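Novice: what would the 3D arrangement of this be:
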Amino acid sequence: MKKINKNYFKKTLSKFVTGITVVATNKNSIYYGKTINSFSSLSLSPPLVLFSLDIESSQLNIFKNSNTVSINILSKNQKNISDNFAKKNPDWNNIDYNILKNGNPIIKNCLSNLDCKITNKIKKGDHIIFICEVINVSINYKLKPLIYFNSRYI
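Specialist: Purely as a prediction, here's the structure:
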């Protein structure tokens, strides 16, 4: 075992295989999205999921002030979408999406999409944890997942 530091901890967690999501919302009809791999199921009854954002995230206040989000679980052919929303100022111009009734964008051709209501926000360490109740879902059974491991896509 090795003594923990931030870089070694990050490298350790990179050994955990994750899927990639884009969490999206809107404010005054302007769309916001952020690539997230800190996504997890929380409860089946009621249906709850969670994701977290770094307190230094450029879009933290947008999500903190939102009541709803869409969570888009990316497919293997959507690496460019993941890269786009990992940037500080992502561009929606080349993204194929629809708009939900609540005004949030939902990205097309994902493995699945979740329409969520944010029910709780908890600050822990250097992140804010968003707990969300899932209202509606869609699933595409024909696609394969975009997977992240060892700090790269596989």
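Novice: need the strands for the chain, in chain order.
Specialist: Taking DSSP state E as the test, the strands found in the chain are 18-19, 21-27, 30-36, 39-43, 48-54, 68-73, 97-99, 105-107, 112-124, 127-139, 147-149, 152-153.
Novice: among these, which is nearest residue 86?
Specialist: Set against residue 86 and scored by CB to CB, those come closest in strand 30-36, at 4.2 Å. Every C-beta, even on glycine, is put in place using the N, C-alpha and C of the backbone.
Novice: what sits up against that closest one?
Specialist: By CB atoms under 8 Å, 6 or more residues apart in numbering, the surrounding residues in contact with strand 30-36 are 20-26, 51-53, 57, 59, 62-63, 71, 82-86, 90, 92, 97, 104-105, 107.
Novice: and it, what's buried?
Specialist: Judged by neighbour count using 16 or more other CB atoms under 10 Å, the buried positions of strand 30-36 are 31, 32, 33, 34, 35, 36.
Novice: which secondary element of this protein has the worst mean pLDDT?
Specialist: Scoring the helices and strands of the chain by mean pLDDT, DSSP states H and E places helix 6-13 at the bottom, with a mean of 88.
Novice: what are the C-alpha coordinates of stretch 79-95, in CSV please?
Specialist: Once side chains and other backbone atoms are set aside, the C-alpha atoms of stretch 79-95 remain, and they are given as CSV (Å, rounded to 0.1, in the frame of the first residue of the first chain):
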residue,chain,number,x,y,z
LYS,A,79,-16.7,10.0,-28.0
ASN,A,80,-16.7,13.4,-29.8
ILE,A,81,-19.8,14.4,-27.7
SER,A,82,-18.0,13.4,-24.5
ASP,A,83,-14.9,15.4,-25.5
ASN,A,84,-17.1,18.4,-26.4
PHE,A,85,-18.9,18.5,-23.1
ALA,A,86,-15.7,18.0,-21.2
LYS,A,87,-14.5,21.4,-22.4
LYS,A,88,-15.1,24.6,-20.4
ASN,A,89,-17.4,26.1,-23.1
PRO,A,90,-19.0,23.2,-24.9
ASP,A,91,-20.7,23.8,-28.3
TRP,A,92,-24.3,22.6,-28.9
ASN,A,93,-24.1,23.4,-32.7
ASN,A,94,-23.0,20.0,-33.9
ILE,A,95,-25.0,18.0,-31.4
